[in-house]
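A.B. asks: Sequence and predicted structure below; questions after.
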Amino acid sequence: MAARTDTFDLGRLRLSSGEGRRLVLGTRLGDFYLGGEPYAVEPQEVEVALDVSRMTGGGYALRLRFEAALSGPCMRCLEDAMPVTAVDAREVNQPGGGEELQSPYVEDEVLDLGAWARDAFALALPSQVVCTPECAGLCPECGANLNTAGAEHHHEAAPDPRWAKLRELRFE
Ligand SMILES: [Zn+2]
Ligand SMILES: [Zn+2]
């Protein structure tokens, strides 16, 4: 595992213009709260590939790639879910190149790798955390897990009124 790096000094690489370097670094993303539920990032320390290119005229073009899983309850059936999300993000930082060429993650050639990785991961996350894309969720009548209850699971009679509340639940 690469040494843990939350900030990285790009100047340390001493790249001349047009030169590039690929680095493998480890960083922590921390936990995420989605719909009020805590989700943990697995692994805690994520291995990332960072491509650094020194641009002609100074500044850097950066590319960050990694995969990490988010672990917590499935938003449909509440069983454990751990979907993997792939991140491929780019930043350009060219001092004096105008506002759109200033990366919010680079300050005096020091890259805030932890903040960039966390934000890029948050942007790449699916809108719903599910155990599998085909997850059938819970039966709206009785709350049974439809993934395990079987295709023949259904209700003949009118539902028990005690379960009426359950039908109003929406797992967003
Ligand atoms: Zn599920
Ligand atoms: Zn049912």
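C.D. replies: Received it, and whenever you're ready, just let me know what you need. Ligands and ions are numbered 1, 2, ... in the order given.
A.B. asks: Helix, strand, or coil at the residue positioned nearest the centre of the chain?
C.D. replies: With distances taken as C-alpha atoms, centre = their mean, the chain has F121 as the residue nearest its mean C-alpha position (3.1 Å). Put simply, F121 is helix when judged by DSSP: H, G, I helix; E, B strand; the rest coil.
A.B. asks: I'd like to know how far it sits from ligand 2.
C.D. replies: 36 Å (C-beta to the ion, to the nearest Å). Placement of C-beta: from N, CA and C, glycine included.
A.B. asks: Does that residue touch G30 like I think?
C.D. replies: No - using C-beta atoms under 8 Å, F121 makes no contact with G30, being 9.9 Å away.
A.B. asks: what about this protein, any weak spots by pLDDT?
C.D. replies: Within the chain, the segments meeting pLDDT under 70 span 1-3, 158-172.
A.B. asks: Where do the helices of it begin and end?
C.D. replies: Under the criterion DSSP state H, the chain contains helices at 113-124, 146-149, 164-168.
A.B. asks: Quick one: distance of the first one to the chain centre.
C.D. replies: The gap between the average C-alpha position of helix 113-124 and the chain average comes to 7 Å, counting by C-alpha atoms, centre = their mean, to the nearest Å.
A.B. asks: Show residues contacting that helix.
C.D. replies: Contacting residues not belonging to helix 113-124 are listed as 5-8, 25, 27-30, 32, 41, 46, 48, 50, 64, 66, 68, 85-87, 89, 91, 105 [C-beta atoms under 8 Å, 6 or more residues apart in numbering].
A.B. asks: Relative to ligand 1, how far out is the residue nearest to the centre of the chain?
C.D. replies: In terms of C-beta to the ion, F121 sits 21 Å off from ligand 1.
A.B. asks: Give me the common contacts of F121 and G30.
C.D. replies: V41.
A.B. asks: interface residues of the chain facing ligand 1?
C.D. replies: For the chain, the residues in contact with ligand 1 (C-beta under 5 Å from the ion) are C74, R76, C77, C131, C135.
A.B. asks: Between which two of these is the distance greatest?
C.D. replies: R76 and C131 (7.7 Å; C-beta to C-beta).
A.B. asks: The nearest residue in space to D88 that is not next to it in sequence: how many residues sit nearby?
C.D. replies: By the measure of C-beta to C-beta, 6 or more residues apart in numbering, the closest residue to D88 outside its immediate chain neighbours is R65, 5.1 Å from it. Using other C-beta atoms under 10 Å, R65 has 15 other residues around it.
A.B. asks: what do you get for C77?
C.D. replies: Other residues close to C77 by other C-beta under 10 Å number 21.
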